[in-house]
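>>> build the 3D model from these lines:
(one chain, ligands or ions: 1)
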Amino acid sequence: MPIATHIAQALCAALEYAPERAEEVARMLTAPPGLAMGDFAFPCFQLARALRAPPPKIAADLAARLQADALVAKAVAQGPYVNFFLQRPEAARRVLAAVLADPQGPGRRDLGGGQVVVLDFSAPNIAKPFHFGHLRSTNLGADLARIFAFLGYRVVRRNYIGDWGTQFGFVIYAWQKWGEIALLRERAIDYLVELYVRAYRESETDPGVREQARLLFLRLEQGDPEITSLWQQFRELSLAGFMKTYQRLGISFDSYAGEAAVNPLVEATIERFLRAGVAEQSQGALVVQVSAVIGREIAPLMLRKSDGASTYAARDCAEALDRWQRYGFAANIYVVSRQEDHFAQVFAALTRLAEAEGWEHRWPAHCENVSFGYVRGMSTRKGEAVWLEAVLDEARDRARRIREEKSAANPRAFPALGNGELDAVSEAVGQAALLYFDVSARRLSDVTFDWDTVLQFEGNTGPYLQYSHARMCGIFRRAAAQGLAAPDATVPEMPASLADEEWSLLLALRGFGPAVERAATLREPHEVARYLHELASAYNVFYNNCTVIDPADPLTTRARLALVAACRAVLATGLGLLGIQPLETM
Ligand code: ARG
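As a prediction, this is how the structure comes out:
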């Protein structure tokens, strides 16, 4: 039973509440400002009216009625609060048991009961660079996918590749004008992007280019075999390039079906909007008015342009309808930045459609856009056309250099690594620096990237967490070298008293489950990152103040090794949720 529930039950008895109210009372418990004031606090303000007494009087009465037990050492009134001091050894035993003895591993819970969450993330555009901005969507989306799966949801990972649209007109125009097959074979997607940029530049001075590109795209939409086969080749080449990056990051998707794949459904979807009477003609185009649904003045959603071409918005409507039919999702989440208006229009148009068709189920309310802020300051030595692959390379190379410098300066703490190991560590640390950076702040805040900061082994960084993990593993290596048994799922006997640093760390361990849940509810992986940073900080205070392995005191040694094992398990699990590799040596 959670410690808070135990305390809440005692409070219910003292308050003469029905035992069913324990959960409600447990939610009222808070943490006192410091350990000297206890481990849990029960505020009495809310009771003042019902009990017709001032809160300090209520607190004093309650404290007098509460009795010490195996878990609670004492309950003391302090102003309007009742503060609970726990029996540290007993509480420690329970916290460690919850982490170490749970066969599922720490924090895992079945909240989802198999409900489906669709996550639409990454979604780079073919023939445009896999831009650094896509890393944030890729990363946040993959984190959310792991977090929801961890909480018992069935997750569908959708990479809705941008493989349709007028940009293809430009690429095909350029290909027909300048394309060389040898260069395409050699440089693949780099070459396609170059062609796209070249055509796009030309169109800025010669408006005729845009018109030709538009006509080429129309031919593609009409299924012209020659254009279609070109498009197919370009798509495959680009996808192969993206796949390398995903593999490197250890991310995979359930489907890479992009905008082109939903195309065959678009006509029927437009028909449906027309039949329901929610689409209307406007200056030759076909639109859905959405201002009334959204509650502010906003342009209508365009289903079809005046030249007959379908739109990005029409495709997203068709795709969302298809997803709902396929999965009946509890949530359909688009991890995409700076398209707030687009998604507001799509969801509103679908709401109108659902209403007009007389649907009971207002499923469009399950669709949401999880947006995020802008990353400033990213550039690589190759210049500012920022390819993700180049960013990953640079992170790895910088991590390698830092590791080499550390081992030159302090070979005892950082023994030289063999070549293979140095490669693996550099890649993992480089990725940790980048991936953690994305979640080191709330997703909506704009962040400024700085190579030196993100690679630090101290501070709010990924490498700091990896380093903390490696140091925990180091303790087990030292213990093994001294013939001590590695801690396992059994919780050892606790010493009669626990140091404050040790106790704070134990209390911090309890925060993991709630942090993961908050991350899911708020669609905010930062909650996990922030928690792990707090845990690692509490750990480092403990590590600097408490001797773990003390041959003169085997009882304390066993207890502390178990505490380190619990921290390591939580840290490794949390890092895993963020796609960061917990390293054993660094
Ligand atoms: N390819 C788009 C872009 O890079 C993102 C697509 C997001 N997903 C969606 N269903 N619209 O801007």
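>>> contacts, neighbours, all on C-alpha from now
Noted.
>>> lowest-confidence helix or strand of the protein?
Counting by mean pLDDT, DSSP states H and E, the chain has its least confident helix or strand at strand 375-376, which shows a mean of 86.
>>> contacts for that strand next, please.
133, 446, 447, 448, 449 (C-alpha atoms under 8 Å, 6 or more residues apart in numbering).
>>> residue 310 - nearest residue in space that isn't next to it in sequence?
What sits nearest to residue 310 in space, not counting adjacent residues and going by C-alpha to C-alpha, 6 or more residues apart in numbering, is residue 304, at 4.6 Å.
>>> hang on, isn't that neighbour packed against residue 314?
Yes. Contact criterion C-alpha atoms under 8 Å: residue 304 and residue 314 qualify, at 7.3 Å.
>>> so what touches stretch 267-284?
Identification of contacts with stretch 267-284 by C-alpha under 8 Å, 6+ apart yields 286-289, 303, 305-307, 314, 317-318, 352-353, 356-357.
>>> and that stretch, end to end?
Taking C-alpha to C-alpha, to the nearest Å, the first and last residues of stretch 267-284 lie 17 Å apart.
>>> buried residues in that stretch?
For stretch 267-284, burial by neighbour count (16 or more other C-alpha atoms under 10 Å) applies to 269, 270, 273, 274, 276, 278, 279, 280.
>>> that stretch - what's its average pLDDT?
Averaged across stretch 267-284, pLDDT comes to 97.
>>> likewise for stretch 520-535?
98.
>>> relative to the whole chain's centre, how far out is the least confident helix or strand of the chain?
Mean-position distance between strand 375-376 and its chain equals 18 Å (C-alpha atoms, centre = their mean, to the nearest Å).
>>> does the helix or strand that that strand is followed by come close to the ligand?
Counting by DSSP states H and E, the next helix or strand C-terminal to strand 375-376 is helix 388-409. No. Using C-alpha under 6 Å from any ligand atom, helix 388-409 never reaches the ligand; the gap is at least 13.7 Å.
>>> okay, strands next: where are they in the stretch 251-400 of the chain?
Counting by DSSP state E, counting those that start in this stretch, the stretch 251-400 of the chain has strands at residues 280-282, 285-288, 301-304, 331-335, 367-370, 375-376.
>>> count of neighbours near the residue in the chain that the ligand sits nearest to?
Nearest residue of the chain to the ligand, counting by C-alpha to the nearest ligand atom: residue 162, 4.2 Å away. Neighbour count for residue 162, taken as other C-alpha atoms under 10 Å: 19.
>>> which residues touch it?
Contacts of residue 162 by C-alpha under 8 Å, 6+ apart are 123, 124, 125, 126, 258, 259, 260.
>>> if we can go back for a sec, filter the contacts of stretch 267-284 to the buried ones?
With neighbours counted by 16+ other C-alpha under 10 Å, the contacts of stretch 267-284 contain buried members at 286, 287, 288, 289, 303, 314, 317, 318, 352, 353.
>>> quick check: the residue nearest to residue 571 when sequence neighbours are not counted vs residue 513, distance?
With sequence-adjacent residues excluded and distances taken as C-alpha to C-alpha, 6+ apart, residue 571 is closest to residue 532, at 6.5 Å. Distance, residue 532 to residue 513, by C-alpha to C-alpha: 11 Å.
>>> so the nearest residue to residue 202 once chain neighbours are set aside is in which element?
Nearest residue to residue 202 in three dimensions, chain neighbours excluded: residue 209, at 7.0 Å (C-alpha to C-alpha, 6+ apart). According to DSSP H and E, residue 209 maps onto helix 207-221.
>>> and whatever helix or strand comes next after that helix, what other elements does it pack with?
The first helix or strand that comes after helix 207-221 along the chain, using DSSP H and E, is helix 225-249. Here helix 225-249 touches helix 167-178, helix 181-205, helix 207-221, going by 3 or more C-alpha pairs under 8 Å, 6 or more residues apart in numbering; DSSP states H and E.
>>> now mean pLDDT, mean neighbour count and distance to the ligand too, for those helices, in a markdown table please.
Listed next are the helices and strands packed on helix 225-249 as a markdown table, based on pLDDT from 0 to 100; neighbours: other C-alpha atoms under 10 Å; distance: least, C-alpha to the nearest ligand atom, whole Å:
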| stretch | mean pLDDT | mean neighbour count | distance to the ligand |
| --- | --- | --- | --- |
| helix 167-178 | 93 | 21 | 11 |
| helix 181-205 | 90 | 16 | 14 |
| helix 207-221 | 92 | 18 | 17 |
